[in-house]
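A.B. asks: Provide a 3D model corresponding to the input given below.
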Amino acid sequence: MNRKKFEKLVEEALRMIPRRFRDEMRNVAVVVEDEPPDEILDEMEIPEDDTLFGLYQGTPLPERSWAHGNNLPDRISIYQFPIEDACETEDDIRDCVAETVIHEFGHYFGMSEEEI
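C.D. replies: Residues are numbered from 1 along each chain as shown. So this is what the prediction gives:
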């Protein structure tokens, strides 16, 4: 799948997030990258036979103090190649992208892996 089509899937997934949550999503950049950098995989102790579909980097909303501001945007990376490798059809890719986007925004809103 080409990058433009994959990015459209990410945009569709963002629109699926309920408005009450979208209204609270501020100063966060969502980017599509080919795959997670090796240093991130090493830092997170991801085994060599595993990978990431997405990653949230930033300060979750509940952890921000009143003085939090004037910061660079939080970042959500969606990794195209691992998602494509794990999926068999375009519908599978669409579903995986949607799940990954929602998952990473769960972290933005302060949810743990168990809560998501």
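A.B. asks: Give me the buried stretch members for the biggest helix by length in the chain, please.
C.D. replies: Assignment by DSSP state H gives helix 90-108 as the longest helix of the chain. For helix 90-108, the neighbour count (16 or more other Cβ atoms under 10 Å) marks 93-94, 96-98, 100-108 as buried. All C-beta atoms are positioned from the backbone trio N, CA, C, and that covers glycine.
A.B. asks: Phe109 and Ile40, how far apart?
C.D. replies: 21 Å (Cβ to Cβ, to the nearest Å).
A.B. asks: Which parts of the protein are helices?
C.D. replies: Assigned by DSSP H, the helices in the chain fall at 3-16, 19-22, 38-43, 80-86, 90-108.
A.B. asks: If you count contacts, what does the shortest one end up packed against?
C.D. replies: When you say that, I think you mean helix 19-22. Applying 3 or more Cβ pairs under 8 Å, 6 or more residues apart in numbering; DSSP states H and E, we find helix 19-22 packed against no helix or strand.
A.B. asks: burial measure for the closest residue to Glu33 other than its chain neighbours, as a count.
C.D. replies: Distances taken as Cβ to Cβ, 6 or more residues apart in numbering put Ser77 closest to Glu33, at 5.2 Å, once the chain neighbours are dropped. By other Cβ atoms under 10 Å, the residues close to Ser77 number 21.
A.B. asks: do Met1 as well
C.D. replies: Met1 has 13 neighbouring residues, counting by other Cβ under 10 Å.
A.B. asks: Could you pull up the residues touching it?
C.D. replies: 80, 84, 90, 93 (Cβ atoms under 8 Å, 6 or more residues apart in numbering).
A.B. asks: where in the chain is pLDDT low?
C.D. replies: 64-69 (pLDDT under 70).
A.B. asks: what residues are up against the closest residue to Ile46 other than its chain neighbours?
C.D. replies: Once flanking residues are discounted, Ile46 sits nearest to Leu52: 6.4 Å by Cβ to Cβ, 6+ apart. Residues in contact with Leu52 (Cβ under 8 Å, 6+ apart) are 36, 40-41, 44, 46, 79, 82.
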